[in-house]
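Asks: this is the structure alone, sequence omitted:
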């Protein structure tokens, strides 16, 4: 590398960062915040650190320098007053100023009295320590450089006025070290501040990216809200839903969540009979990918529901025919994504007059029937591949529609795989994934078929690692 290239690199390194100029006010506020965080600890330490010297060391080493105790006690007094003020509400937001005051007093007083006794290498070493320690304080660089300059001038002026002997080899060695400290201290302060600024700017960039991401999450959350629907009446059959999405985020100081699970329930007429149609689904992927799948599924499902409500022809369809056509239509929509968006779901129809329930399972966890205090899996699990699976021939007559005859007091429950994906603490204290699918049956029995209680039972024994959705239909009478 030639000299010109090295010069330009050094110039660029020591020049003000354009990002610093653009975010100067935020960076200053960041330094003040750090100073406030340190203020009480530093003030407490400063209030006692010189007392041992004042009452023990100084009188023994320099009995003729009677004024030295006042410099020491001055730091203690100033530190105690500032420490008390940090607890006063009106002063607390400005407590960073107290750090500046104490640092200024310590530097100037130490520079002056060390200049008077500059021939004592022990005191000069203590002065060097102060010079180095100040470099670590989160004070503004200009202030630190000014403080170093005033400190050096005070030391030289004091030494000139009081004339300590500086011609011995020991004092010359001590002065050499002091000069090195005055050179190294400001450089250390510069590099540390450069590091702090870069750290803050990186944090700022990450915060800005996260804020934009959370904004996108929030918009997605708004789009999802209309689709988590339970538009049924609580008469002979009570439909209940529970949804807890794994991805939580904060936007404008409020917490929201998005994910890939969905519950939908409506009342329509099929074969000219009142029916409840429902879907409990789980889209592939986490957060936005899963939410995208829910948007596609829920939009298509709502269109089908709306069409079924308005079309006289659709109202003549049997539950089996309606389910078959709905399943095929939803699959044909998802298959257009060529495997990048899949959906597991239980989609069903309940005849309110007879209590007969028809459903199709697209690679979703097996539903549960809670009857007479006992829970059991029903139907054939994974009777179809997920919606959107390529190569899956969804010919109408091959779609398996499963049937259950509900009795009074029964509860039919469909849930996503979040019901099983739980981290459970072992005896050793380590967390292990649950692989016992029948554990969910125990939760259903303990919760007596109530999905709110079931969800509490699940969360009580472990940590959810996925979205959790539950949909239940309880036959009252």
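Replies: Okay, I see it. Remember, predicted model here, so these are calculated numbers, not experimental data.
Asks: so what does the helix or strand containing residue 158 touch, helix or strand wise?
Replies: If you go by DSSP states H and E, residue 158 is part of helix 141-162. Identification of packing neighbours for helix 141-162 by 3 or more Cβ pairs under 8 Å, 6 or more residues apart in numbering; DSSP states H and E yields helix 96-116, helix 121-135, helix 169-224. All C-beta spots, glycine's among them, are computed from the backbone N, C-alpha and C.
Asks: including mean pLDDT, could these go into JSON lines?
Replies: What follows is the helices and strands packed on helix 141-162, written out as JSON lines (pLDDT from 0 to 100):
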{"stretch": "helix 96-116", "mean pLDDT": "93"}
{"stretch": "helix 121-135", "mean pLDDT": "92"}
{"stretch": "helix 169-224", "mean pLDDT": "85"}
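Asks: and the helices in the stretch 351-477 of the chain?
Replies: Taking DSSP state H, counting those that start in this stretch, the helices of the stretch 351-477 of the chain run over residues 439-446, 451-461.
Asks: contacting residues for residue 257?
Replies: Contacts for residue 257 (Cβ atoms under 8 Å, 6 or more residues apart in numbering) come out as 221, 244, 245, 246, 247, 248, 249.
Asks: residue contacts, the second one?
Replies: Taking Cβ under 8 Å, 6+ apart as the definition of contact, the neighbours of residue 244 are 257, 418, 455, 464, 467, 468, 469.
Asks: show me the contacts for the last one.
Replies: Remark: with contacts taken as Cβ under 8 Å, 6+ apart, residue 469 is in contact with 241-244, 261-263, 280-282, 415-416, 418.
Asks: show me the contacts for residue 93.
Replies: residue 36.
Asks: so it lies in a helix, does it not?
Replies: Yes: judged by DSSP: H, G, I helix; E, B strand; the rest coil, residue 93 forms part of a helix.
Asks: pLDDT score for it?
Replies: Residue 93 carries a pLDDT value of 86.
Asks: and residue 336, how far from residue 328?
Replies: Going from residue 336 to residue 328 by Cβ to Cβ, to the nearest Å gives 14 Å.
Asks: so between the two, which is more surrounded?
Replies: In terms of neighbours (other Cβ atoms under 10 Å), residue 328 is the more surrounded of residue 336 and residue 328; the figures are 15 against 10.
Asks: need the three-state assignment for that one.
Replies: Classified using three-state DSSP, residue 328 is helix.
Asks: that one contacts residue 398, doesn't it?
Replies: No: contact criterion Cβ atoms under 8 Å: residue 328 and residue 398 do not qualify, at 10.0 Å.
Asks: which residues are in contact with the residue nearest to residue 307 when sequence neighbours are not counted?
Replies: Spatial nearest neighbour of residue 307, excluding adjacent residues (Cβ to Cβ, 6 or more residues apart in numbering): residue 314 at 6.2 Å. For residue 314, the contacting residues are 270, 307, 308, 322, by Cβ under 8 Å, 6+ apart.
Asks: check which residues of the strand or helix carrying residue 314 are buried.
Replies: Using DSSP H and E, residue 314 sits within helix 312-315. Within helix 312-315, the residues that count as buried by 16 or more other Cβ atoms under 10 Å are 314, 315.
Asks: try stretch 174-191
Replies: For stretch 174-191, a neighbour-count test (16+ other Cβ under 10 Å) marks 174, 175, 178, 181, 182, 185, 186, 188, 189 as buried.
Asks: check stretch 77-91 too.
Replies: Those would be 78, 79, 82, 83, 85, 86, for stretch 77-91 by 16+ other Cβ under 10 Å.
Asks: show me how far it is from its chain's centre.
Replies: Distance of stretch 77-91 from its chain centroid, counting by Cα atoms, centre = their mean, to the nearest Å, is 34 Å.
Asks: contacts for it?
Replies: By Cβ under 8 Å, 6+ apart, the surrounding residues in contact with stretch 77-91 are 39, 40, 43, 44, 46, 47, 92, 95, 98, 101, 102, 105.
Asks: now do the end-to-end distance for it.
Replies: In stretch 77-91, first residue to last residue: 18 Å (Cα to Cα, to the nearest Å).
Asks: state the number of residues packed around residue 269.
Replies: 15.
Asks: equivalent analysis for residue 202, please.
Replies: Counted with other Cβ under 10 Å, residue 202 comes out at 11.
Asks: any idea how far it lies from residue 34?
Replies: Distance from residue 202 to residue 34, by Cβ to Cβ: 16 Å.
Asks: residue 125 now?
Replies: Distance, residue 125 to residue 34, by Cβ to Cβ: 28 Å.
Asks: out of the two, which sits in the busier spot?
Replies: More crowded of residue 125 and residue 34, by other Cβ under 10 Å: residue 34, with 17 against 14.
Asks: coming back round to it: tell me the buried residues within the contacts of residue 244.
Replies: Buried subset of the contacts of residue 244 (neighbour count, 16+ other Cβ under 10 Å): 257, 418, 455, 464, 467, 468, 469.
Asks: so of the contacts of residue 314, which ones are in helices?
Replies: Using DSSP state H, 307, 308, 322 are the members of the contacts of residue 314 that sit in helices.
Asks: emit the PyMOL select command for whichever of those residues are buried.
Replies: Applying 16+ other Cβ under 10 Å to the ones in helices among the contacts of residue 314, the buried members can be selected in PyMOL as follows:
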select buried, resi 308+322
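Asks: just curious, which of the ones in helices among the contacts of residue 314 is nearest to residue 402?
Replies: Residue 402 lies nearest to residue 322 out of these, by Cβ to Cβ, at 14.7 Å.
Asks: mind listing what's buried in stretch 138-157?
Replies: In stretch 138-157, counting by 16+ other Cβ under 10 Å, buried: 138, 139, 140, 141, 144, 147, 148, 151, 152, 154, 155.
Asks: and which of the residues you listed is nearest residue 423?
Replies: Minimum distance to residue 423 across the buried residues of stretch 138-157 is 39.6 Å, recorded for residue 138 (Cβ to Cβ).
Asks: how far away is the residue nearest to that closest one when sequence neighbours are not counted from residue 99?
Replies: Excluding the flanking residues, the one nearest residue 138 by Cβ to Cβ, 6+ apart is residue 34, at 3.8 Å. Noted for residue 34: a distance of 9 Å to residue 99, by Cβ to Cβ.
Asks: do the same with residue 290
Replies: 48 Å.
Asks: sec struct for residue 347, please.
Replies: Of the three states, residue 347 takes strand under three-state DSSP.
Asks: ok, now which ones touch the closest residue to it other than its chain neighbours?
Replies: In space, and not counting its chain neighbours, residue 347 is closest to residue 279: 4.7 Å by Cβ to Cβ, 6+ apart. Listed by Cβ under 8 Å, 6+ apart, the contact partners of residue 279 are 262, 263, 264, 265, 297, 301, 345, 346, 347, 348.
Asks: parallel or antiparallel, which strands does the helix or strand the fourth one falls within pair with?
Replies: Residue 265 is part of strand 261-270, with elements assigned from DSSP H and E. For strand 261-270, the paired strands and their directions (DSSP bridges) read strand 229-230 (parallel), strand 273-283 (antiparallel).
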